[in-house]
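Trainee: Here is my input; please provide its structure:
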Amino acid sequence: MTDQTTNPVTVSNSDQKSREAYFTASQGQLIWARFKKQRAAMIAAGVLVVLLLSGLFAPFLSPYNPTVAGKNDEYTNGAPQIPQFCDDAGCSWRPFVYSVERERSMATNFRWVTTINTDERKYISFFVEGWEYKLFGFIPMDTHLFGAPDGFVHLFGTDATGKDIFSRTLHAILTSMQVGTIGVFIAFVLALVIGGISGYYGGWIDSVLQMITDAVRTVPAIPLFMAVAAFMPPELSAESRFFYISMILGLIGWPTLARRVRTHLLTERNQEYVLAAQLCGASSGHVIRRHLLPSFTSYIIVDLVISFPYMVLSETALSFIGLGLKDPVNSLGVMLQNVTSADVLLNYQWYFIPVFFFIALVMAFVFVGDGLRDAADPYSDNNK
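Mentor: Residues are numbered from 1 along each chain as shown. Below you'll find the predicted structure:
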């Protein structure tokens, strides 16, 4: 009888505490609590974190320089080398790969044929010294996670020039993330400024800015980039081309977010807290920056996450058709150019490995964005 009388009290106390935590939680805490309930979004968030860290630490994780300076001339179009611990000769506590010998064969119309020499092991070492780089762009280092001091190890194989596909893939993720970040940042600033002014002031200012917004929305991306590519001088450096592509993606990607900012400000500008701030003598910029925009910060973050994969897709598509980044820059679009020939499809299937990373990156952003959008909407069916 004692247990029966105490259990309802315990349950009611826990319910009361949970309700108090719910009503006292911030908007960010509520969104995170709803987001954690979505299994697909949480798995996608884990995949996204792994890919982001792989891109950020790409120079450290890459055993070789992804440019021409790091190519293996003796192993062009080489198949992936899978590390192992045991073979017919016994087991080892250190992972190893076999050495390879390449020669032209008459049976394959004098194509290169790779012969694996199982009698010669190449042991893989960790935290080895290699080519110099700058981690995060400013920390000089020459240490890499793994490598083969007495030879090469190519986990994803090599391309036609002998460059390591594993190293190129990691740097391609980094490049695509950088292009997307710059493009999203430019679009974010323009959307907040133009959408904020349009929604706060209204009237003829709103009409003029909305005409500009509609004009930008009607600009087709592909013809625009064709025109830009035609005016770009061929001797333009890879860094300059990278900067121009990022700027153009940002300059044509802000109208959608600007319209959402405008719509929110049109409904919020006549609220009592806005009128109180105006009566206290606050300037228009102060009201927009300190009162209106923070009222829907979570929705802006969701829009940024959702727009990020479209920036990456745009860069990849443009580089794939030859209007974006080009060699020696490593991006997902540049690497996808190598999988268009039938010869690659029939003989060098490992060229498609970066494609799976590209799909995983885009899908992770899409699932995380959808999860955040549902979590930020208090009227969503998933949050009931």
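Trainee: Leu209 versus Trp254, what's the distance?
Mentor: 12 Å (CB to CB, to the nearest Å). Just so you know, the C-beta spots here come from the backbone N, C-alpha and C atoms, and that holds for glycine as well.
Trainee: Ok, Leu52 next?
Mentor: 35 Å.
Trainee: Counting neighbours around each, name which of the two comes out higher.
Mentor: Leu209 (19 against 15; other CB atoms under 10 Å).
Trainee: Give the burial count for the residue nearest to the more buried one when sequence neighbours are not counted, as a bare number.
Mentor: By the measure of CB to CB, 6 or more residues apart in numbering, the closest residue to Leu209 outside its immediate chain neighbours is Ser198, 4.1 Å from it. A total of 25 residues lie near Ser198 under the criterion other CB under 10 Å.
Trainee: Contacts made by stretch 40-54 with the rest, please.
Mentor: Stretch 40-54 has contacts (CB atoms under 8 Å, 6 or more residues apart in numbering) with 35-36, 61, 170, 173, 177, 357, 360-361, 363-368, 370-372, 375.
Trainee: tell me which residues in it are buried?
Mentor: Neighbour-count burial for stretch 40-54, counted by 16 or more other CB atoms under 10 Å, picks out Ala41, Ala44, Ala45, Val47, Leu48, Leu51, Ser54.
Trainee: for stretch 358-371, same thing?
Mentor: In stretch 358-371, counting by 16+ other CB under 10 Å, buried: Phe358, Ala360, Leu361, Val362, Ala364, Phe365, Val366, Phe367, Val368, Gly369, Asp370, Gly371.
Trainee: pLDDT on that stretch, on average?
Mentor: Across stretch 358-371, pLDDT averages out at 87.
Trainee: chain center to that stretch, what's the gap?
Mentor: Counting by CA atoms, centre = their mean, to the nearest Å, stretch 358-371 is centred 9 Å from the centre of its parent chain.
Trainee: Then stretch 234-246?
Mentor: On CA atoms, centre = their mean, the centre of stretch 234-246 falls 20 Å from the chain's centre.
Trainee: Now it: average pLDDT?
Mentor: If you average the pLDDT values across stretch 234-246, you get 74.
Trainee: With stretch 186-195 instead?
Mentor: 88.
Trainee: what does that stretch rub up against?
Mentor: With CB under 8 Å, 6+ apart, stretch 186-195 has contacts from 209, 212-213, 246-247, 249-251, 253-262, 265, 293, 300, 304, 307, 311.
Trainee: what are the ranges of the helices in the stretch 251-384 of the chain?
Mentor: 255-268, 272-279, 284-287, 297-320, 332-336, 342-347, 353-376 (DSSP state H, counting those that start in this stretch).
Trainee: so which of the ones you listed comes closest to Leu155?
Mentor: helix 353-376 (9.2 Å; CB to CB).
Trainee: Give the other helices and strands that the closest one contacts.
Mentor: helix 27-35, helix 39-56, helix 165-201, helix 297-320, helix 332-336 (3 or more CB pairs under 8 Å, 6 or more residues apart in numbering; DSSP states H and E).
Trainee: JSON lines please, covering those and showing distance to Trp350.
Mentor: Below are the helices and strands packed on helix 353-376 laid out as JSON lines (distance: least, CB to CB, whole Å):
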{"stretch": "helix 27-35", "distance to Trp350": "36"}
{"stretch": "helix 39-56", "distance to Trp350": "18"}
{"stretch": "helix 165-201", "distance to Trp350": "7"}
{"stretch": "helix 297-320", "distance to Trp350": "19"}
{"stretch": "helix 332-336", "distance to Trp350": "12"}
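Trainee: and those helices, which is most packed in?
Mentor: helix 332-336 (a mean of 26; mean count of other CB atoms under 10 Å).
Trainee: got the contact list for that helix?
Mentor: 165, 168-169, 172-173, 175-176, 312, 315-320, 324-327, 354-355, 357-358, 361.
Trainee: Please tell me how far it is from the chain's geometric centre.
Mentor: 14 Å.
Trainee: Quick one: mean pLDDT over that helix.
Mentor: For helix 332-336, the mean per-residue pLDDT is 80.
Trainee: Need the distance between the two termini of stretch 147-166.
Mentor: Stretch 147-166 has an end-to-end distance of 12 Å (CA to CA, to the nearest Å).
Trainee: so how far is it from its chain's centroid?
Mentor: 24 Å.
Trainee: Same question for stretch 228-241.
Mentor: 24 Å.
Trainee: and what of stretch 186-193?
Mentor: 20 Å.
Trainee: Could you do stretch 293-306 as well?
Mentor: With CA atoms, centre = their mean, you get 18 Å for stretch 293-306.
Trainee: which residues are contacting that stretch?
Mentor: In contact with stretch 293-306 (CB under 8 Å, 6+ apart) are residues 27-28, 31, 184, 188, 192, 196, 256-257, 260-261, 264, 268, 365-366, 368-370, 372-373, 376.
Trainee: now with 7 Å?
Mentor: For stretch 293-306, the surrounding residues in contact (CB atoms under 7 Å, 6 or more residues apart in numbering) are 27-28, 31, 184, 188, 192, 196, 257, 260, 264, 268, 365, 368-369, 372-373, 376.
Trainee: what number of residues lie near Ala229?
Mentor: 17.
Trainee: name the helices or strands packed onto the helix or strand harbouring it?
Mentor: Using DSSP states H and E, Ala229 maps to helix 221-231. Packing partners of helix 221-231 (3 or more CB pairs under 7 Å, 6 or more residues apart in numbering; DSSP states H and E): helix 238-251.
Trainee: Relative to the whole chain's centre, how far out is the helix it packs on?
Mentor: 16 Å.
Trainee: And stretch 167-182, by the same measure?
Mentor: With CA atoms, centre = their mean, you get 7 Å for stretch 167-182.
Trainee: which residues sit against it?
Mentor: Residues contacting stretch 167-182 (CB under 7 Å, 6+ apart): 51-52, 54-56, 58, 61-64, 66, 70, 156, 242, 245-246, 249-250, 308, 311-312, 315-316, 329-332, 335, 353-354, 357, 361.
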